[in-house]
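**Q** Fold the following.
(one chain, ligands or ions: 1)
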Amino acid sequence: MASLVKDFPRVHLGHTPTPLELLKNISAEFGTNVWIKRDDCTGLAFGGNKTRQLDFYIGQALHEGADTLLTTGAVQSNHVRTTVAAARKLGLEVEVQLEHRVDRDQPEYHNSGNPYLVRLMGARINYYPVGEDEDGADKALEVRAAELAAQGRKPFVIPLSNAHTPYGALGYVEGAEELMAQLQALQVQPARFIVPTGSASTHSGFLLGVRSCGSDIPVHGVCVRRDSASQVQRVSKKLNSVIDAIGCAIRIPDSDIICDDSQLAPGYGQPSDATVAAIKHMARNEGILLDPTYSGKTFAALLEMLRSGDFAADQHVVFLHTGGAVSLFGYPELVAEEAH
Ligand SMILES: Cc1ncc(COP(=O)(O)O)c(C=O)c1O
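**A** Numbers count the residues shown, from 1 in each chain. Just a heads-up that it's a prediction; the model follows:
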């Protein structure tokens, strides 16, 4: 079957298809077949879900003749780090804007992990003092882009807010198509997919990709930034604009959008005890690294389902690992009690 996104300009930044693996120890522990889609292995300076999204953003940027990328994110943003790596790989200039989104004073949060790598790759960094002002953050990028354009550069803004064409979601339409083909080859029919839902590019693209393959498997989004009601609206808006951009006839009702905010507290970028326990559970049973903001919370939700007996014996479930473990270095307290 031809991909829904085949007609969009794109580049190929990552190592895909990513592996689909069975978590043998965790599956044995709960009597459910727990699969992991290793999108933490997309490559590109430690990879993650943003690599697939950038294939289409940067495809569009090059299509428009851009020579400079601008984007914005939290201090420990994986998206910012991956955008800088993509720019370096393709020989583009890059400027990033780091927002004050998470109240953490620890020097490691500001200097280690993602911001360390952004500095290592030599991007110009601007700062934005607010963390909950997507429109303002995007506007600041546009102002800087206009300055660069006046200097003769050709900037392309990768925005944050939901008011733009969601090129990033196209990457997860393709990611879901890839996963559905892998599952078909293994003759595995999961009961549920578990994915994080933040900007909603991953969730909306993934849901569309799964439905476009003719599957009605539930896609369980785990909220990392907003409560369930706001996130359903956000996913719905993005889903509809990606459907419009593709021009396909598929319709997905809001009742099909699952946003579970059980792991959101205490807030974005702030791990709860359950998040930390989930990160340690995966690290100590499978040797796989999750992160405190996205994949740790998503896996915490899955652990809760496994413990509550949500799955019948021998059912299958797939956890989408979107990466982000680089930011562990910004949270040294996670292993504080183990330090000697
Ligand atoms: C590691 C990781 N997982 C998940 C997400 C959430 O993905 P999305 O923004 O597409 O909802 C992000 C986004 O920043 C991320 O960096």
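
**Q** burial count for Glu29?
**A** Neighbours of Glu29 under the rule other Cβ atoms under 10 Å: 15. Just so you know, the C-beta spots here come from the backbone N, C-alpha and C atoms, and that holds for glycine as well.

**Q** show me what contacts the closest residue to it other than its chain neighbours?
**A** Among residues not flanking Glu29 along the chain, Asn285 sits closest, at 7.2 Å (Cβ to Cβ, 6 or more residues apart in numbering). By Cβ atoms under 8 Å, 6 or more residues apart in numbering, the residues touching Asn285 are 23, 25-26, 29.

**Q** In contact with Gly198, which residues are there?
**A** Gly198 sits in contact with 224-225, 294, where contact means Cβ under 8 Å, 6+ apart.

**Q** and which of these is nearest His316?
**A** His316 has its nearest neighbour among the contacts of Gly198 in Tyr294, at 22.6 Å by Cβ to Cβ.

**Q** so the nearest residue to that closest one once chain neighbours are set aside, which of the three states?
**A** In this structure, Tyr294 finds its nearest non-sequential neighbour in Pro196, 4.6 Å apart by Cβ to Cβ, 6+ apart. Secondary structure assignment for Pro196 (DSSP: H, G, I helix; E, B strand; the rest coil): strand.

**Q** what about Pro196, distance to Val222?
**A** When distance is defined by Cβ to Cβ, to the nearest Å, Pro196 is 5 Å away from Val222.

**Q** Which neighbours do these two have in common?
**A** Joint contacts of Pro196 and Val222 (Cβ under 8 Å, 6+ apart) are 297-298.

**Q** My understanding was that Ile279 contacts Leu290; is that so?
**A** Yes - applying Cβ atoms under 8 Å as the test, Ile279 and Leu290 come out as touching, 4.8 Å apart.

**Q** what is in contact with those two at once?
**A** Common neighbours of Ile279 and Leu290, using Cβ under 8 Å, 6+ apart, are 296, 299.

**Q** Could you report the pLDDT at the residue nearest to Tyr294?
**A** pLDDT recorded at Pro196 is 98.

**Q** neighbours of it, just the number please.
**A** 28.

**Q** for the stretch 151-300 of the chain, what spans make up the helices?
**A** 167-186, 201-212, 228-246, 273-286, 295-307 (DSSP state H, counting those that start in this stretch).

**Q** ok and the last one relative to helix 273-286, angle-wise?
**A** Helix 295-307 and helix 273-286 meet at an angle of 80 degrees, taking axes from the mean of the first three to the mean of the last three Cα atoms, to 10 degrees as the criterion.

**Q** Ok, the third one next?
**A** For helix 228-246 against helix 273-286, the angle by the same axes, to 10 degrees is 60 degrees.
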